[in-house]
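Asks: got a sequence here, can you build the structure:
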Amino acid sequence: MTTTAAPGAGPTTPSPLQRTTLHDTGKDAKPFKRRRPWWVMPLTLVGVLLAVTMAMTLLNPGGQVNGDDLDPANPGSSGAQGLARVLGSHGVSVTVVRSQRELLDQTVDGTSTVVITHTIRLSRRTAQVAQAHAASAASVVLLDPDPEVIRGMGLPVESHLTDLTDVAAGCSDAGVGKGFRIAHADRAYTPTANASGATTCFPDKGDGGGAMVRLPGSAGQPPVILLGDENLISNGTILDSDNAAVALHLFGRTGRLIWYIPSLADIAASEGTSRSIAPAWFQPGLALATSAVVFLALWRGRRLGRLVTEPLPVIVRAVETTESRGRMYRKSRDRTRALAVLQVATRRRLTAYLGLSASSTVSSLAAAAAAVSGRNYGDVLDLLSSSAVHDDSSLLQRANTLAALEKEVRRT
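Replies: Purely as a prediction, here's the structure:
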């Protein structure tokens, strides 16, 4: 039945049945909402982050900066990009090689200067190879070479650690001005007796030698300059004192500069080295710590005196211990173990009574006990060694027989 309103009449109020029908119809007409899995949102966020990261990397390909110390490509305070760019702006062709193979691929002649930084990465062999390849160079500059490199190249100098600060050159024929000053030096070099024509600059007035030594060239060996401060060329210190002027004089002597940064991968595993990875204070510190431990042990050590009896707060009678062990054996039903304990104790006492050696065998003990007690040897041997016991009554019988045997031996 359908209810209709007359034309022109106002709105009609639906009946309760109509309201119910309209409500149910609206509920059924609701669209069905499908729930998304819980992992969709986290996965979407991760995808967005990856996309943003890849976009930033592609849009900024130069974002990765070389951070190696004293590297000509490093613009940071520890890098040497400033010196490399100044040399390039003054017409010096700078070629950077980062392995021994790359060095050997370079043509070295009298118009080339070879500079070796990070000499700590050189072994004796790789140092000798680098020197032989640069034999025809105008000069070879070594920054902070240690004794391992010096011996590998066969240079007639000795080195020692130092701490020079704001020291003047004091020489004029090593490519630097006499009044030039360097801010700091960690190592000094002293020419040996057979180093003819060597020039020493930036003198170490305390221990001798100087922070820079120039060795003249000879047959098959180029002029070599040793400088005991590799940080002199870093961006953060090159403007200190006259570091920049010294670096430009040494690195810019020719129109072509081969900048060699050795790689540890060039050193073979079989090559030995006398370098120590421990700091300079480690060995003296270790000796001092060992001495302190020894003196502390001597000071706090005590000799062992005589034994002193100490009264115990509780005295436990031996019979209580024996009874407790017996109760444990009984609770665990370990008759074999209980019989073995009784036999061991009886054998020990019989051995002492009969004056036999503690290492005597059971058979010899049984023979002696049988002879003294008058028992049969086989029975005594079975009594002292057999562990066959089946129940508590047989265990008790064995224990009584052992006690009786012991009494018979002691009675004699």
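Asks: can you give me the helices for the stretch 151-300 of the chain?
Replies: With helices called from DSSP state H, counting those that start in this stretch, the stretch 151-300 of the chain shows them at 243-251, 282-300.
Asks: what mean pLDDT does stretch 39-48 get?
Replies: Averaged across stretch 39-48, pLDDT comes to 76.
Asks: and stretch 394-404, by the same measure?
Replies: The predicted model assigns stretch 394-404 a mean pLDDT of 89.
Asks: so which residues make contact with it?
Replies: Here stretch 394-404 makes contact (C-beta atoms under 8 Å, 6 or more residues apart in numbering) with 335, 338, 339, 342, 343, 346, 383, 384, 389. (C-beta placed from N, C-alpha, C; glycine too.)
Asks: stretch 141-148 now?
Replies: Here stretch 141-148 makes contact (C-beta under 8 Å, 6+ apart) with 70, 113-120, 122-124, 127, 149, 153, 158-159, 186-187, 224-230, 232-233, 250-251, 273-275.
Asks: so which of those residues are in strands?
Replies: Among these, the members found in strands (DSSP state E) are 113, 114, 115, 116, 158, 159, 186, 187, 224, 225, 226, 227.
Asks: hmm, the second one is touching residue 261, no?
Replies: No. Under the criterion of C-beta atoms under 8 Å, residue 114 is not in contact with residue 261, lying 11.9 Å apart.
Asks: higher neighbour count, these two?
Replies: Comparing residue 114 with residue 261 by other C-beta atoms under 10 Å, the one with more neighbours is residue 114, at 26 against 22.
Asks: show me where pLDDT drops low in the stretch 1-150 of the chain?
Replies: Confidence mapping of the stretch 1-150 of the chain against pLDDT under 70 gives the ranges 1-36, 40, 56-65.
Asks: what is the burial count for residue 223?
Replies: For residue 223, the neighbour count with other C-beta under 10 Å is 19.
Asks: actually residue 186, not the one I typed
Replies: By other C-beta under 10 Å, neighbour count at residue 186 equals 14.
Asks: for it, what are its contacts?
Replies: With contact set as C-beta under 8 Å, 6+ apart, residue 186 has these partners: 144, 161, 162, 163, 228, 229.
Asks: state the distance from it to residue 116.
Replies: Separation of residue 186 from residue 116 (C-beta to C-beta, to the nearest Å) stands at 17 Å.
Asks: and residue 239, how many neighbours?
Replies: Neighbours of residue 239 under the rule other C-beta under 10 Å: 11.
Asks: and it, what's its pLDDT?
Replies: Note on residue 239: pLDDT of 92.
Asks: verify the stated contact: residue 95 with residue 259.
Replies: Yes. Judged on C-beta under 8 Å, residue 95 makes contact with residue 259 at a distance of 6.7 Å.
Asks: the two: which is more packed in?
Replies: Here residue 95 and residue 259 are compared on neighbour count by other C-beta under 10 Å; more neighbours surround residue 259, at 23 against 14.
Asks: my read: that one touches residue 115, true?
Replies: Yes. Using C-beta under 8 Å, residue 259 is in contact with residue 115, at 5.3 Å.
Asks: distance of residue 369 from residue 353?
Replies: 9 Å.
Asks: can you pull the buried residues of stretch 71-91?
Replies: In terms of neighbour count (16 or more other C-beta atoms under 10 Å), stretch 71-91 has its buried residues at 71, 72, 74, 76, 79, 80, 81, 82, 83, 84, 86, 87.
Asks: so what's residue 73 up against?
Replies: So residue 73 contacts 66, 79, 81, 84, 96 (C-beta under 8 Å, 6+ apart).
Asks: of the residues you listed, which is the nearest to residue 376?
Replies: Nearest to residue 376 among these: residue 66, at 99.7 Å, using C-beta to C-beta.
Asks: picking up where we left off before, just give me the closest of the ones in strands among the contacts of stretch 141-148 to residue 215.
Replies: Of all these, residue 224 has the smallest distance to residue 215: 4.6 Å, by C-beta to C-beta.
Asks: list the contacts for that closest one?
Replies: If a contact means C-beta under 8 Å, 6+ apart, then residue 224 has 139, 140, 141, 142, 153, 155, 214, 215, 217 as its contacts.
Asks: distance of the last one from residue 363?
Replies: This means residue 217. 96 Å.
Asks: neighbour count for the two, which is higher?
Replies: Counted by other C-beta under 10 Å, residue 217 and residue 363 do not tie: residue 217 has more neighbours, with 16 against 13.
Asks: circling back to that earlier point, please indicate which of the contacts of stretch 141-148 are buried?
Replies: 70, 113-119, 122-124, 127, 149, 153, 159, 187, 224-230, 232-233, 250-251.
Asks: pLDDT score for residue 178?
Replies: What the model reports for residue 178 is a pLDDT of 84.
Asks: kindly apply the preceding question to residue 193 instead.
Replies: The model's pLDDT for residue 193 equals 86.
Asks: beta partners for residue 94?
Replies: When bridges are called by DSSP bridges, residue 94 pairs up with residue 257.
Asks: any idea how far residue 237 is from it?
Replies: The span separating residue 94 from residue 237 equals 20 Å under the rule C-beta to C-beta.
Asks: buried set for stretch 159-175?
Replies: 159, 162, 164, 167, 168, 169, 171, 174, 175.
Asks: typo on my end, it should be stretch 196-215
Replies: So stretch 196-215, judged by 16+ other C-beta under 10 Å, has buried residues 198-204, 209-215.
Asks: tell me which two of the residues you listed sit farthest apart.
Replies: Put simply, by C-beta to C-beta the two of the buried residues of stretch 196-215 set farthest apart are 204 and 215, 17.4 Å from each other.
Asks: any chance of the contacts of residue 224 in TSV, plus distance to residue 411?
Replies: Below are these laid out as TSV (distance: C-beta to C-beta, whole Å):
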residue	distance to residue 411
139	111
140	106
141	106
142	101
153	98
155	99
214	109
215	106
217	111
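Asks: all helices of the stretch 301-412 of the chain, in order?
Replies: For the stretch 301-412 of the chain, the helices defined by DSSP H, counting those that start in this stretch cover 318-332, 335-353, 362-373, 377-385, 392-411.
Asks: tabulate those helices in JSON lines, adding columns for distance to residue 311.
Replies: Below are the helices of the stretch 301-412 of the chain laid out as JSON lines (distance: least, C-beta to C-beta, whole Å):
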{"stretch": "helix 318-332", "distance to residue 311": "18"}
{"stretch": "helix 335-353", "distance to residue 311": "29"}
{"stretch": "helix 362-373", "distance to residue 311": "39"}
{"stretch": "helix 377-385", "distance to residue 311": "40"}
{"stretch": "helix 392-411", "distance to residue 311": "34"}
